[in-house]
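Chemist: next comes the sequence, and after it the predicted model I'd like to discuss.
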Amino acid sequence: MRDANPRDAQLTQLELVIPLRANAPGPDGRRLDPALSTWRTAVAASADACLLLSADTRIVAISRAARYVLGFSAEVEVSMPRFLDAGLRFLDFTAGAHPLVDAELARLAPVQALQTDALERSLIRIELQGVHRTFDVTASPLHSPPRLDAVGALAFLNPMGPT
C-alpha cells in the first residue's frame, strides 16, 4: 500500500447558504436580502440599542431601545427609510451645533462600515426634541458568502450622558 501524499489529496469546501426565512418585500417593491433575515429577527429582539442597515443604508430593523433613544416610532421598520433620511438631525460638535454636511455624514460609523467594509466607530450627535444627544456608535459590516461586498451593517448605539 502506498503512503498517502498530502499533495495528492484535494480538499473541497462547499458552503451552502439557505435562507431560514422568507424575504419580505420592502415598501418600494425591493426584497430584503435573505442574508439579513436572521439578523433582522435578532435586532428586533435585542435589549441593546442597535439597528440593522441594508447595503443601500435602509433601516431594516431597529431594537426597541434604539427606537427610544433615537425618538423613532415602530413605523420606522415598515417605512424602512435610509439612515441619513430617517428624520434625524445630525450635528457637529461645535458650540453652535451646526448640521453636518454631506462629507461629514459619510463618515458616520453605520454608513462608513458599508463603504469601507470594516468595523467602524464614531461619535454621533443628534438633536432630539430640542435636546442634543451624543452616542458612541460601533458598526460592523455583514457579509454573505460568496459575495464580497457587505450586504448590510449592524450598529450599536451607546448613549453618552443622561437619556
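Modeler: Noted; the coordinates are in hand.

Chemist: who touches the lowest-mean-pLDDT helix or strand in the chain?
Modeler: Counting by mean pLDDT, DSSP states H and E, the chain has its least confident helix or strand at helix 76-79, which shows a mean of 88. Among residues not part of helix 76-79, those counted as contacts by CB atoms under 8 Å, 6 or more residues apart in numbering are 27, 44, 59-62, 67, 86. (Each C-beta comes from the backbone N, C-alpha and C, glycine too.)

Chemist: do the same with stretch 144-154
Modeler: Taking CB under 8 Å, 6+ apart as the rule, stretch 144-154 contacts 15, 17, 33-36, 39, 43, 50-55, 60, 110, 113-114, 117, 139-143.

Chemist: narrow these to those that are buried.
Modeler: Taking 16 or more other CB atoms under 10 Å as the criterion, what is buried in the contacts of stretch 144-154 is 33-36, 39, 43, 50-55, 60, 110, 113-114, 139-142.

Chemist: go through the residues you listed and flag which are in helices.
Modeler: If you go by DSSP state H, those have 39, 43, 110, 113-114 in helices.

Chemist: farthest pair within the residues you listed?
Modeler: 43 and 114 (15.9 Å; CB to CB).

Chemist: got a list of contacts for the longest strand that the chain contains?
Modeler: In terms of residue count, the longest strand belonging to the chain (DSSP state E) is strand 131-142. Applying CB under 8 Å, 6+ apart, the contact partners of strand 131-142 are 35-36, 39, 69, 91, 97, 108-110, 112-114, 116-127, 150-161.
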